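**Q** Build me a model:
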Amino acid sequence: MTGAGPVSGRRSGGVRLLRLVAYVVLPVEVVLAVLLVGGVRIPAAVWAGAEVLVVALVLAEGLSYLRLRRRGLSRREAVAELVPEAVLRIMAHELRIMASLGRWVARRPHGVEGVDGVFPHARDQAALIYGFAFVCVVESVGMSYLLADWPVVHAIVLVLDVYTVLFVLGLHAAAATRPHTLTGDVLRLRQAAHVDVSVPLDRIASVRHELVFSHEKKAEGELNLAVGSQTSLTVELTEPVDAPRFFGAPRPVRLIRFHADDARALYRELGPAVTRARTVPSPSPGPLPRV
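**A** Numbers count the residues shown, from 1 in each chain. Predicted coordinates:
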């Protein structure tokens with residue numbers, strides 16, 4: 001793409017300045033909002049100045065976006081230049097969580113078209129998630145009653161409580177609509193909306209069906225995708241695969257423990273699939289050249 005190289009390789013001073021202003025203005029805006037809700041009187045000039053800065057920041061961001069688009073960047077690349085990657089990843093995760101609720105209700109799993117095998121893994125966490133959601137609902141009702149005399153605070157807390165309940169249910173919906181899949185020569189392992197790892201079958205050295213209830217959280221080269229504090233299958237690899245962390249940092253792993261509702265069925269299908277992938281004949285080099 002023409003013109004994209006210099007911008008993506010080194011951000012302009014204007015973009016860096018916009019980010020710096022955003023890091024200052026947005027937290028100040030949040031603090032002022034909290035003080036206002038708490039009953040603190042804020043001088044009109046201070047509040048008006050903060051709002052002017054926010055509007056100016058939004059306009060500047062919009063103009064910078066248009067300028068980056070004119071330089072040849074795609075929509076995604078232009079947004080990535082203006083918004084920190086960590087913020088984009090958090091927003092994308094939130095959107096996947098909420099989209100999973102719709103998929104859950106519509107019974108439309110994600111990424112299962114044309115696969116050879118689908119293996120759900122959310123069953124053993126359902127009771128815990130539902131219990132936690134019920135506790136959140138009870139807490140929401142209690143806070144709604146206690147804050148009835150403060151309508152502004154009541155409305156803000158109610159919105160946060162409702163979002164919390166939806167987020168908790170969304171975590172389970174993401175796990176329920178994103179099962180493990182087996183396709184051709186790739187095993188795709190997922191957990192909720194934040195883990196999605198593709199494991200080539202020809203890199204699998206061994207597969208074990210074993211229940212493990214304790215996992216080291218920071219074990220080097222290991223990935224533990226526990227559900228209900230347990231994993232039921234262990235895969236060892238001949239070469240590491242990358243299982244990126246939440247904010248995109250690389251994480252090479254050579255041992256993966258994960259769970260499936262029907263672990264024995266996945267184990268039975270995975271063994272022959274690995275054997276086939278590791279014994280595929282090399283492609284023919286073609287006819288010999290004529291002398």
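**Q** contacts, neighbours, all on C-alpha from now
**A** Noted.
**Q** number of nearby residues for residue 44?
**A** 9 (other CA atoms under 10 Å).
**Q** State the phi and psi torsions of it.
**A** phi -60, psi -40 (degrees, to the nearest 10).
**Q** mind checking how far it is from residue 32?
**A** Residue 44 is 12 Å from residue 32, where distance means CA to CA, to the nearest Å.
**Q** likewise residue 228?
**A** From residue 228 to residue 32 the distance is 41 Å (CA to CA).
**Q** cool, and residue 196?
**A** For residue 196, the distance to residue 32 - CA to CA - is 39 Å.
**Q** Name the residue in these two with the higher neighbour count.
**A** Shown here are residue 196 and residue 32; by other CA under 10 Å, residue 32 has more neighbours (18 against 15).
**Q** What's the mean pLDDT across the helix or strand where that one lies?
**A** In this structure, residue 32 sits in helix 13-37 according to DSSP states H and E. The average pLDDT for helix 13-37 rounds to 72.
**Q** what helices or strands is it leaning on?
**A** Under the contact criterion of 3 or more CA pairs under 8 Å, 6 or more residues apart in numbering; DSSP states H and E, helix 13-37 touches helix 44-70, helix 75-82.
**Q** quick one, helices of this protein?
**A** 4-9, 13-37, 44-70, 75-82, 85-106, 126-146, 151-177, 263-278 (DSSP state H).
**Q** Show me how far stretch 154-164 is from its chain's centre.
**A** In terms of CA atoms, centre = their mean, to the nearest Å, the centre of stretch 154-164 is set 23 Å apart from its chain centre.
**Q** hang on, I meant stretch 112-120
**A** That offset, for stretch 112-120, works out to 21 Å (CA atoms, centre = their mean).
**Q** Can you point out the buried residues in that stretch?
**A** Across stretch 112-120, burial judged by 16 or more other CA atoms under 10 Å covers 112, 117, 118, 119, 120.
**Q** ok, now stretch 191-203?
**A** Quick answer for stretch 191-203 (16+ other CA under 10 Å): 191, 192, 193, 194, 197, 198, 199, 200, 201, 202, 203.
**Q** On the pLDDT front, check the first one for me.
**A** Pointing back at residue 191 there. 94.
**Q** returning to what we had before: reformat the helices and strands packed on helix 13-37 as a markdown table; add distance to residue 168 and mean pLDDT.
**A** Converted to a markdown table, the helices and strands packed on helix 13-37 look like this (distance: least, CA to CA, whole Å; pLDDT from 0 to 100):
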| stretch | distance to residue 168 | mean pLDDT |
| --- | --- | --- |
| helix 44-70 | 31 | 81 |
| helix 75-82 | 28 | 80 |
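**Q** and among these, the most buried is which?
**A** Neighbour counts (mean count of other CA atoms under 10 Å) averaged over each of the helices and strands packed on helix 13-37 peak at helix 75-82, with a mean of 16.
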